[in-house]
Structures are given as structure tokens and as C-alpha cells.
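Student: here is the input, now give the coordinates:
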Amino acid sequence: MFRTAISSGTLRSGLFSSSRRGLATEAAAEYDLVVIGACPPHLNAFMVWFGLTACIEGRGTLGGTCLNVGCIPSKSLLHNSHLFHVAEHEFEKRGIKVSGLAVDLPQMLKQKEKSVKTLTGGIEMLFKKNKTAYIKGWGTLKTPNEIEAKNVIIATGSEPSGFPGVTVDEESIVTSTGALSLTKVPEKMIVIGGGVIGLELGSVWSRLGAETTVVEYMGAIGAGMDADLAKSFQKTLQKQGMKFKLSTKVISATKLPNGQVEVVVEPAAGGAQEKLVVDVVLLSIGRRPFTDNLGLKEVGVAMDNKGRVVTDHEFKTNVPGIRAIGDVITGPMLAHKAEEEGIAAVEYIHSGHGHVNYDAIPSVIYTHPEVAWVGKTEAEVKASGVEYKVGTFPFAANSRAKTIDDYEGMVKVISDAKTDRILGAHIIGPGAGEMIAEAVIAIEYGASSEDIARTTHAHPTLSEAFKEACMATYNKAIHF
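Tutor: Purely as a prediction, here's the structure:
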């Protein structure tokens, strides 16, 4: 059992003081479960199995990275910037005339903050409903000999990774956090890193008028994405005005006296350096586990060489009573992956049984078109030595996509050649992030491509493209 110390100047009055003290000396009772971190709402719903439960979070609002400075605010900006882009570039051909179109950035940011406040406040209401104590402060594990909580789950998430030669000020040189709150649209912007975060936020500011260049060390964008989709995706973003420097290494990014930033780059394989001067640099080369000052080393919790907490399949650490989930452990840093792990961890504590299928964790890039995938890429299946089949279907042959004049992209399905079981699905096109759910269910329940192909899909819908891709996988598509 563990004592958890709290450090904060904003703790609940009457329960804890602002100095560092152990909960056991201040609280009226021992907790059955304490979550250190923002406590995903799905996890909180399952915490009702226990008696006294608590969540320790020092940010001041619940919801973690996702709700505060990640998934939610970025999707608000992506959606609203897309509406502006459509109004600016497509309204006329759709028979809609507008005049005086302009970006009101303060109002757009205000709308973003409204969505964040609404959702974080909703989690606080769930805490009250489920009688979970919300302790505002930073939690630190103390010695395992002190009694405070029978079970502890570490769910502290992640933070942006740094980069040698680049000093972040969140004004001219920003992480994803700063990129969500720029006070004006930059004329020129460089995005260091062509992964999900960089492409999404780079797309936002590109739509709003910034000349945006993505600098990526690898030879392709969208790390983890199927190669066919990555090529198609880059071409689409280029059509929208984004520029790319692939196989390129960033040497430094230095803020100049006039507030601009000089970025020095060179070919990844070596060669002549190039200097680029821009207004804003977005550093988005990935994220790292946020485990600072948790006291993990002091209580003996094992960590790997990347700073992640080492756990077994039940999310147990090597120290009895302590488990960890989400971005602080191995695996993709995705909010929905963390939520499923949180539920499973609580199930393991409560009943000894839990479940997370890591082959059925979807990924989505919320640009336009959206890109979504689940399961294995074609390269991964090929490397495994399994005989496989591939079926594709373009949205250009889908009646709904043609009707709404939004048909760039395709669906790609990979199945086992012998059993026809779906191994992976990859979508680039309108509504890909919603459509991927069908593929997730198919993989979770071991469906074949023929199973999906013989399932009725409403007409006309974008989802028919997934049905047709499955038809192409096991036999032949009807409309292409």
C-alpha cells in the first residue's frame, strides 16, 4: 500500500494544505484506488466498483492532454479552419456567393476554448456523480510501507519531446500546445516533423493563410501509415498548398532579434545546408512520457530506456499495488488506447480479468481528407511472411462522395489469402475517421472481407466504399 504526497497551492481547503503532506495524515479514510493523472472519463465510470476513489491532477482541469491541449482543441481548430477553407475555395462552384470572407482568429480561439471548458467540466460532473474525489495537486509516490491507497494507477500522460538546438518559447518556436493558441496567422511557418500532430496543426495554419513547410527526416510522412496512403496523402496536402522537405534534417532553429526564426536544414544523408527564415516554427517530433517528480525511482518502479514505465499484460509494475496505463507505458500515444487500458486495469483489480486488443487500436489523422487505419500495413504483413490479398476502392467511384463533390482518396483492405480474415484496413477520404470503426469491429471479431462484403450498407453512403473494397479483396468490386 502507498502513501501519495501532494504538492500544490490550489488544494481543496479543509482537506489538504499547500505544503507537501501524505494523504493518510490528512484524509479521513484510506482510498481503495487512487489515479495519478487526469483520469479518463471511461476509467472513472468503472471506478464505481470500488469504495473510496480519488484522482490527483495538478493541471487545474480534468481530461489530461487530450481534452486540454491535444485531441479536443486541435479538432475544433481543424473543423473551423476547414469550414473557412471550403468557403474560400469551394462555395462559388457550389452555387454559394459570399462577400467579405475573413478569419476572425480571436473568435475561432474562443470557440476552441468553449469546447474544452464544456468537456472538462463534464468530467468533473462525472466525478461528483460517481463520488470520486478530485484532488488538485501533483502526486508523488512515497515509500511502500506507508498506507494511503490499496491500488495506484499512474495515468500522467505525455508531453512534447524536445530537440537539440531548438529552444521552445511557445511564441515563435512552439510545441503543439503553443500552436493551438497563436495570436495571429503567421505568414510563413515551418513544421519540424511530418507525423500526425505536425500534419494536423500544419494543416490548420495553412488553411488560414500561412505558407507552411513540413520538414521530415524520413522519406515519407505519416509515421506508421501504409505506404500507398502516405503517398496519396502528401499529394493531396500539396494540392492544398503545403510544402514538404523530406529526408531532411534540422540542424538548428534560432530566434532572431525581429522575432522571426532562422531554421538551418540539410539533407539527412549529408550535404549543403540551407537557411530558412519564418515567423513560427512548430516542433512536433513526437512526445515523451510525463513521469517527472512522480517518485517512481524512489519506490523502485522499473523504467525502460525511453523513460516508459514497464508493465505486464495486467498493467502491473514490478512494485505491488502500482499499475500504469496510457502514454507512460509502451504503445501508441492515443487517448482511446489509454481509455481502454484504464478500463482493463480497473477490471483486473476488481475481477482479475481485463481485455485490450492492440491489433484493433485505430489511428486517425483529422485533416481533410481524413486518414485512418487499423491493423497491419501491407509492408508489415509482407514482412511477416503471411500470404495475403489486397483490395482497393476509390471514393471517385462512390456515389455519395461524387454527389457531395468530395471524392479524393480510397479504401484499402488487406486479408489473409487462406482464411480471408481481415488483417488491416486503411482509408484516406471524407469521413475516414468515422468509417474506420467498421474495420475495428471486423478485426476485433475476426471477420473476413467476404463477411463485410455480404453485409448490407445503406445507399448512398460513404461506407459503401468500405464494402466495395472488401468485395475487391475477396473477389471483385461492383462499381469499379
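Student: phi, psi of the residue nearest to Thr291 when sequence neighbours are not counted?
Tutor: Closest residue to Thr291 apart from its sequence neighbours, by C-beta to C-beta, 6 or more residues apart in numbering: Val328 at 5.8 Å. C-beta here means a position set from N, CA and C on the backbone, and glycine is covered the same way. Here is the backbone geometry of Val328 (degrees, to the nearest 10): phi -80, psi -10.
Student: same question for Ile56.
Tutor: The phi/psi pair for Ile56 (degrees, to the nearest 10) is phi -100, psi 120.
Student: which stretches of the protein have low pLDDT?
Tutor: By pLDDT under 70, the low-scoring segments of the chain are 1-29, 39-48, 143-147.
Student: most centrally placed residue in this protein?
Tutor: By C-alpha atoms, centre = their mean, the mean C-alpha position of the chain lies nearest to Leu334, the distance being 4.4 Å.
Student: that older thread, please look at the residue nearest to Thr291 and Asp292 and confirm they touch.
Tutor: No - at 11.0 Å, Val328 and Asp292 do not qualify as touching, with contact defined as C-beta atoms under 8 Å.
Student: which one's more surrounded, those two?
Tutor: Legend: neighbour count by other C-beta atoms under 10 Å for Val328 and Asp292, higher for Val328 (26 against 10).
Student: so who does that one touch?
Tutor: 154-158, 289-291, 308-309 (C-beta atoms under 8 Å, 6 or more residues apart in numbering).
Student: tell me which two in the residues you listed are the farthest apart.
Tutor: Farthest-apart pair in the contacts of Val328 is Ala155 and Arg308; separation 13.3 Å (C-beta to C-beta).
Student: the more surrounded of these two?
Tutor: Neighbours of Ala155 and Arg308, each counted by other C-beta under 10 Å, are more numerous for Ala155; the result is 28 against 19.
Student: so for that one, what's the nearest residue that isn't a sequence neighbour?
Tutor: Sequence neighbours aside, Gly37 is the residue nearest to Ala155 in space, at 3.4 Å (criterion: C-beta to C-beta, 6+ apart).
Student: do a quick rundown of the strands in the stretch 51-200 of the chain.
Tutor: Using DSSP state E, counting those that start in this stretch, the strands of the stretch 51-200 of the chain run over 53-57, 132-136, 138-141, 149-155, 158-160, 173-174, 188-192.
Student: packing partners for the fifth one?
Tutor: The one in question is strand 158-160. When contacts are defined as 3 or more C-beta pairs under 8 Å, 6 or more residues apart in numbering; DSSP states H and E, strand 158-160 sits against strand 287-289.
Student: give me the neighbour count for His79.
Tutor: His79: 15 surrounding residues under other C-beta under 10 Å.
Student: what's the spacing between it and Val440?
Tutor: Applying C-beta to C-beta, to the nearest Å, the value for His79 to Val440 is 22 Å.
Student: ok, now Lys136?
Tutor: Per C-beta to C-beta, Lys136 is found 35 Å from Val440.
Student: swap in Ala220?
Tutor: Per C-beta to C-beta, Ala220 is found 24 Å from Val440.
Student: same thing with Gln238?
Tutor: Separation of Gln238 from Val440 (C-beta to C-beta) stands at 30 Å.
Student: may I see the contacts of Val328 arranged in CSV, with distance to Glu370 as well?
Tutor: Below are the contacts of Val328 laid out as CSV (distance: C-beta to C-beta, whole Å):
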residue, distance to Glu370
Ile154, 32
Ala155, 27
Thr156, 29
Gly157, 24
Ser158, 23
Pro289, 27
Phe290, 28
Thr291, 32
Arg308, 29
Val309, 32
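Student: now, of those, which are buried?
Tutor: For the contacts of Val328, a neighbour count by 16 or more other C-beta atoms under 10 Å gives the buried set as 154-158, 289-291, 308-309.
Student: and which of those is nearest Glu216?
Tutor: Nearest to Glu216, judged by C-beta to C-beta, of the buried ones among the contacts of Val328 is Ser158 at 20.6 Å.
Student: residues in contact with the closest one?
Tutor: Per C-beta under 8 Å, 6+ apart, neighbours of Ser158: 65, 287-290, 327-328, 333.
Student: can you rerun that using 10 Å?
Tutor: Residues in contact with Ser158 (C-beta atoms under 10 Å, 6 or more residues apart in numbering) are 64-65, 70, 286-291, 307-308, 326-328, 333, 338.
Student: same check, this time on His82
Tutor: By C-beta under 10 Å, 6+ apart, the contact set of His82 is 203-204, 207, 366-368.
Student: out of those residues, what pair is the most spread apart?
Tutor: Using C-beta to C-beta, the contacts of His82 reach their maximum pairwise distance at Arg207 and Tyr366, which is 12.6 Å.
Student: who has more neighbours out of those two?
Tutor: The neighbour comparison of Arg207 against Tyr366 (other C-beta under 10 Å) goes to Arg207, with 27 against 20.
Student: roughly how far apart are the more buried one and Asp405?
Tutor: Taking C-beta to C-beta, one finds Arg207 at 18 Å from Asp405.
Student: from Phe233, how far out is Gly222?
Tutor: Distance of Gly222 to Phe233, given as C-beta to C-beta: 6 Å.
Student: now do the buried residues in the longest helix along the chain.
Tutor: In the chain, with assignment by DSSP state H, the single longest helix is helix 105-129. Neighbour counts over helix 105-129 (16+ other C-beta under 10 Å) mark 108-109, 111-112, 115-116, 119-120, 123, 126-127 as buried.
Student: likewise stretch 127-139?
Tutor: Residues of stretch 127-139 classed as buried: 127, 132-139 (neighbour count, 16+ other C-beta under 10 Å).
Student: any residues in contact with both of Arg207 and Tyr366?
Tutor: The contact sets of Arg207 and Tyr366 overlap at 78, 82 (C-beta under 10 Å, 6+ apart).
Student: so who does the residue nearest to Gly354 when sequence neighbours are not counted touch?
Tutor: Counting by C-beta to C-beta, 6+ apart, Gly354 lies nearest to Ala344, which is 3.4 Å off, once chain neighbours are set aside. Residues in contact with Ala344 (C-beta under 10 Å, 6+ apart) are 43, 46, 313-315, 323, 325, 353-356.
Student: let's see if you can find the most crowded of these.
Tutor: Neighbour counts for these, by other C-beta under 10 Å, peak at Ile325, which reaches 30 neighbours.
Student: the stretch 301-450 of the chain: helices as residue ranges?
Tutor: 335-351, 378-384, 399-403, 432-444, 449-453 (DSSP state H, counting those that start in this stretch).
Student: mind listing what's buried in the longest one?
Tutor: This means helix 335-351. 335-349.
Student: just the CA atoms of it, as PDB, please.
Tutor: Below are the C-alpha coordinates for helix 335-351, written out as PDB (Å, rounded to 0.1, in the frame of the first residue of the first chain):
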ATOM      1  CA  ALA A 335      -6.300   8.800 -25.900                       C
ATOM      2  CA  HIS A 336      -8.600   5.900 -26.800                       C
ATOM      3  CA  LYS A 337      -5.800   3.400 -26.200                       C
ATOM      4  CA  ALA A 338      -5.300   4.900 -22.800                       C
ATOM      5  CA  GLU A 339      -9.000   4.700 -22.000                       C
ATOM      6  CA  GLU A 340      -9.200   1.000 -22.900                       C
ATOM      7  CA  GLU A 341      -6.200   0.300 -20.800                       C
ATOM      8  CA  GLY A 342      -7.700   2.200 -17.900                       C
ATOM      9  CA  ILE A 343     -10.900   0.200 -18.100                       C
ATOM     10  CA  ALA A 344      -8.900  -3.100 -18.300                       C
ATOM     11  CA  ALA A 345      -6.600  -2.100 -15.400                       C
ATOM     12  CA  VAL A 346      -9.600  -1.500 -13.200                       C
ATOM     13  CA  GLU A 347     -11.200  -4.800 -14.400                       C
ATOM     14  CA  TYR A 348      -8.000  -6.600 -13.500                       C
ATOM     15  CA  ILE A 349      -8.100  -5.100 -10.000                       C
ATOM     16  CA  HIS A 350     -11.700  -5.800  -9.500                       C
ATOM     17  CA  SER A 351     -12.200  -9.200 -11.000                       C
END
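Student: alright, that wraps it up for me.
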